[in-house]
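S.K.: My questions concern the predicted model and sequence given below.
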Amino acid sequence: MSEPFKLVNLGSADGLVCEDGYCAVPGASEAPGTEAGAAASTDAAGFSAGNGADAGAAAQRPILPGSTIGILGGGQLGRMLAHSGSRLGYRFVTLDPTPDSPCGQTAQQIVAGYGDREAARELARRSDVITYEFENVDSDVAAMLERESYVPQGSALLHTTQHRLREKRAIEAAGARVAPYAEVTSLETLRGAAARLGLPAVLKTATGGYDGKGQWVLRSEDELAPAWAEAEKAGTELVLEKFIAFEKEISVIAARRPSGEIKTFPPAENVHVNNILHLSIVPARIPDDVRAEAERLAVSIAKTLGAVGLIAVEMFAGADGTLYVNELAPRPHNSGHYTMEACRTSQFEQHVRAICDLPLGDTSLLSPVVMANILGEHVPPLLEWMKEKDPEAERLGVEPKVHLYGKAEAKNKRKMGHVNVLADDTESALAWITQSNIWRV
Ligand SMILES: Nc1ncnc2c1ncn2[C@@H]1O[C@H](COP(=O)(O)OP(=O)(O)O)[C@@H](O)[C@H]1O
Ligand SMILES: [Mg+2]
């Protein structure tokens, strides 16, 4: 364990350099377990109640700068957490199987698999507090770390969000609406569910899906048997959801401290291409009452589930303003990258503040912004564009801020970075993105 305020060598010897442009300043709470009724049970898998922030943690709070934050996972979310947190004076160590991971380039790294218990114990030895940057953390390892070290987020919410059925039940328990759904265990139950919910509908694996993987859109009865044959191979439980003809997809990121303070970031309007997030537009082009309701739902979910740290709430907004919660992520979220330059406090700093139990930062929007993801195929045109001044950006009065994650291989569809396009209005930012060569491919 490092000593708080022993700030010698920070930002140099251990490579915790905060690069300009990556760091930004971000900025929720009731005592855990108070209204965490829905999450406060111990289930058969042995996951402990609430968020763990109570368990042996009171004496450890707050975690002050100079302390070391251990991150399970070394991807871009960990990298951006380390950039933001190192500016506040924290040290970082990550556990990831890929050497020189995006986070490992900016923090110490333990190269090992996520299921490696000894490596996880080593992470705990080197850390004062542990967080995770992806959901599919081995649940046994997460529970072990929670018992043996300090994981303020706990493993209960992770357990809930790792499984779509558990997640939907928890969302409903928080008083929010989800798309009508049914558990599917056989072709017969799929047929029955499709008859009840109606088509089109979306068949999803309950675990392990991301960026649209593990999903089948079913438009006619003929598609049920082939989809079942395919989905069955995934070897996991399945859920059928009614297809929501939404007007907009939006997301709200909330942060909650162990002591209960909660703050939300402004809702983002999200545009997906091939099920991968392409754009986040902020302010979202939704009526004020829908915006307020989206924020209210995110707060209610964060409280009811006893979240600590960030929780991203993805929602569908119907044409009549009805909100359906689609899914949750108990970590920084791609649709929150816009906060890095566009908010007073970034989602990454806010997560660090929340898990360390520091006062949350102001989440006000400083500028309209559109975040556009850079996938592997966008890297060559982006690098080409970076060489020269861009008269069109000047003409439109936009300021595109580039973030790249240090991934070696620019594979097709792989998330390599993003650009936050700051502008006087989101139309100008969208106009710049539309005329740019970067996203033509
Ligand atoms: N029930 C649904 N109705 C309409 N569109 C859906 C539905 N479920 C998913 N989608 C679309 O597919 C995208 C990915 O689905 P999601 O459940 O968020 O999975 P993941 O992000 O884990 O791949 C959503 O962002 C949305 O565009
Ligand atoms: Mg999603």
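M.R.: Looks like it came in fine. Ligands and ions are numbered 1, 2, ... in the order given.
S.K.: From here on, just use CA atoms for contacts and neighbour counts.
M.R.: Will do.
S.K.: residues touching the residue of the stretch 251-400 of the chain found nearest ligand 1, list them.
M.R.: The stretch 251-400 of the chain approaches ligand 1 most closely through Asn275 (4.9 Å), counting by C-alpha to the nearest ligand atom. Counting by C-alpha atoms under 8 Å, 6 or more residues apart in numbering, Asn275 touches Asp211, Gly212.
S.K.: Return the backbone torsion pair for it.
M.R.: phi 70, psi 10 (degrees, to the nearest 10).
S.K.: Over to Leu81?
M.R.: phi -60, psi -40.
S.K.: how far away is it from ligand 1?
M.R.: Separation of Leu81 from ligand 1 (C-alpha to the nearest ligand atom, to the nearest Å) stands at 21 Å.
S.K.: How confident was the prediction at that residue?
M.R.: Note for Leu81: predicted pLDDT of 98.
S.K.: isn't it right up against Glu349?
M.R.: Yes. With contact defined as C-alpha atoms under 8 Å, Leu81 and Glu349 form a contacting pair (6.9 Å).
S.K.: so which strand or helix has Asn270?
M.R.: Using DSSP states H and E, Asn270 sits within strand 268-273.
S.K.: and that strand, which residues are buried?
M.R.: By neighbour count on 16 or more other C-alpha atoms under 10 Å, the buried set for strand 268-273 is Ala268, Glu269, Asn270, Val271.
S.K.: who touches the last one in this structure?
M.R.: With contact taken as C-alpha under 8 Å, 6+ apart, Val271 is in contact with Glu249, Leu277, His278, Leu279, Ser280.
S.K.: From Ala174, how far off is it?
M.R.: Taking C-alpha to C-alpha, to the nearest Å as the criterion, Val271 is separated from Ala174 by 26 Å.
S.K.: Same check on Trp385?
M.R.: For Trp385, the distance to Ala174 - C-alpha to C-alpha - is 46 Å.
S.K.: what does Leu305 give?
M.R.: Taken as C-alpha to C-alpha, the span from Leu305 to Ala174 is 8 Å.
S.K.: of these two, who's got more company?
M.R.: Leu305 (27 against 21; other C-alpha atoms under 10 Å).
S.K.: Verify the contact between the more buried one and Lys168 for me.
M.R.: No. Checked against C-alpha under 8 Å, the pair Leu305 and Lys168 is beyond contact range at 11.9 Å.
S.K.: Check what contacts the worst-scoring helix or strand of the chain on mean pLDDT and list those residues.
M.R.: Averaged element by element with mean pLDDT, DSSP states H and E, the chain has its least confident helix or strand at helix 139-148 (a mean of 91). Counting by C-alpha under 8 Å, 6+ apart, helix 139-148 makes contact with 47-48, 52, 114-117, 120-121, 124, 151, 154-155, 158-159, all of which sit outside it.
S.K.: That one: what's the following helix or strand?
M.R.: helix 156-161.
S.K.: what about Ala229, how many neighbours?
M.R.: 12.
S.K.: who's in contact with it?
M.R.: Taking C-alpha under 8 Å, 6+ apart, one finds nothing in contact with Ala229.
S.K.: so what's Ala312 bridging to?
M.R.: Ile253, Ala329 (DSSP bridges).
S.K.: Could you give the number of residues near it?
M.R.: Neighbour tally, Ala312, other C-alpha under 10 Å: 25.
S.K.: Who's the closest spatial neighbour of Gly113, skipping the chain neighbours?
M.R.: Pro97 (4.8 Å; C-alpha to C-alpha, 6 or more residues apart in numbering).
S.K.: for Lys204, that is, sorry about that
M.R.: Gln215 (4.5 Å).
S.K.: which residues does that neighbour contact?
M.R.: Contacts of Gln215 (C-alpha under 8 Å, 6+ apart): Val202, Leu203, Lys204, Thr205, Gly209.
S.K.: Please tell me how far it sits from ligand 1.
M.R.: 8 Å.
S.K.: what's the distance between that residue and Val273?
M.R.: Counting by C-alpha to C-alpha, the gap from Gln215 to Val273 is 15 Å.
S.K.: which one is the residue nearest the centre of the chain nearest to, not counting chain neighbours?
M.R.: In the chain, the residue lying closest to the centroid (C-alpha atoms, centre = their mean) is His333, at 2.6 Å. Excluding the flanking residues, the one nearest His333 by C-alpha to C-alpha, 6+ apart is Ala312, at 6.2 Å.
S.K.: Number of residues surrounding Ala408?
M.R.: 10.
S.K.: Name the SS class of it, please.
M.R.: coil (DSSP: H, G, I helix; E, B strand; the rest coil).
S.K.: For Val352, give me its contacts.
M.R.: Going by C-alpha under 8 Å, 6+ apart, the list of residues near Val352 reads Leu81, Gly85, Gly309.
S.K.: cool, Gly115 as well?
M.R.: Val137, Asp138, Val141.
S.K.: my guess is the second one meets Tyr114, correct?
M.R.: Yes. In this structure, Asp138 is within contact of Tyr114 by C-alpha under 8 Å, at 6.3 Å.
S.K.: Give me the more crowded residue out of the two.
M.R.: Neighbours around Asp138 and Tyr114, counted as other C-alpha under 10 Å, are more numerous at Tyr114. The numbers are 19 against 16.
S.K.: where's the more buried one, which helix or strand?
M.R.: Going by DSSP H and E, Tyr114 is not in any helix or strand.
S.K.: sorry, back to before: buried ones among the contacts of Gln215?
M.R.: For the contacts of Gln215, buried by 16+ other C-alpha under 10 Å: Val202, Leu203, Lys204, Thr205.
S.K.: Of those, which are in range of ligand 1?
M.R.: Val202 (C-alpha under 6 Å from any ligand atom).
S.K.: Turn the buried ones among the contacts of Gln215 into CSV, including secondary structure and pLDDT.
M.R.: Listed next are those as CSV, based on DSSP: H, G, I helix; E, B strand; the rest coil; pLDDT from 0 to 100:
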residue, secondary structure, pLDDT
Val202, strand, 97
Leu203, strand, 98
Lys204, strand, 97
Thr205, strand, 96
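S.K.: The buried ones among the contacts of Gln215: which two are farthest apart?
M.R.: Val202 and Thr205 (10.0 Å; C-alpha to C-alpha).
S.K.: Could you check the pLDDT of Gly50?
M.R.: pLDDT, Gly50: 35.
S.K.: And Asp43, by the same measure?
M.R.: For Asp43, the predicted pLDDT is 31.
S.K.: which SS class is Leu224?
M.R.: Assignment for Leu224 (three-state DSSP): helix.
S.K.: From ligand 1, how far off is it?
M.R.: Distance from Leu224 to ligand 1, by C-alpha to the nearest ligand atom: 16 Å.
S.K.: before we move on, the earlier item: top of the contacts of Val352 by neighbour count?
M.R.: Gly309 (29 neighbours).
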